[in-house]
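Engineer: Sharing a model prediction with you, sequence too.
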Amino acid sequence: MIRHAGDLYRTRSQHLVLGHYPPGIDAASLYLMIVPPEEEGATLPWENRHDMQKELYKIGDIVTHNGYYWTSKIDNNAHEPSDAAYAAWEKGDPLP
């Protein structure tokens with residue numbers, strides 16, 4: 001694990017963390033951004049974490065998207081919540 005620019009990262013595979021390969025665009029294949037503890041378990045707007053090189057959604061994670069609450073039904077969920085993604089997301093109540 002390494003902290004860089006205020007964010008926490010873990011390595012995708014076993015390798016030596018070197019200063020000339022910090023997390024970021026040039027080393028995206030080496031690191032995965034960890035979801036901050038203050039966001040863990042919080043209901044936040046859905047974001048395309050796959051493109052952001054962030055940890056993907058886990059079973060039970062709840063997000064808001066397109067006017068509804070959605071609950072992840074799978075681990076490592078990179079799908080966008082929608083009725084078509086019924087195997088990955090369970091549609092909940094509409095947002096108030």
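Structural biologist: It's in. Numbering: from 1, shown residues only.

Engineer: Going by C-alpha atoms from here, please, whenever you check contacts or count neighbours.
Structural biologist: Will do.

Engineer: The residue lying closest to Tyr31 once chain neighbours are set aside and Tyr86: what is the separation?
Structural biologist: Taking C-alpha to C-alpha, 6 or more residues apart in numbering as the measure, Tyr31 lies nearest to Thr11, with 4.5 Å between them; neighbours along the chain are not counted. Between Thr11 and Tyr86 the computed distance is 31 Å (C-alpha to C-alpha, to the nearest Å).

Engineer: Those two: who's more crowded?
Structural biologist: Summary of the neighbour comparison: Thr11 and Tyr86, criterion other C-alpha atoms under 10 Å, with Thr11 having more neighbours (17 against 12).

Engineer: Check what pLDDT the more buried one gets.
Structural biologist: Looking at Thr11, its pLDDT stands at 74.

Engineer: thinking it is in contact with Lys54, fair?
Structural biologist: No - look at Thr11 against Lys54 with C-alpha atoms under 8 Å: they stay out of range, at 11.6 Å.

Engineer: measure the residue nearest to Tyr57 when sequence neighbours are not counted to His50 for me?
Structural biologist: Ranked by C-alpha to C-alpha, 6+ apart and with sequence neighbours excluded, the top spatial neighbour of Tyr57 is Asn77, at 4.8 Å. For Asn77, the distance to His50 under the criterion C-alpha to C-alpha works out to 9 Å.
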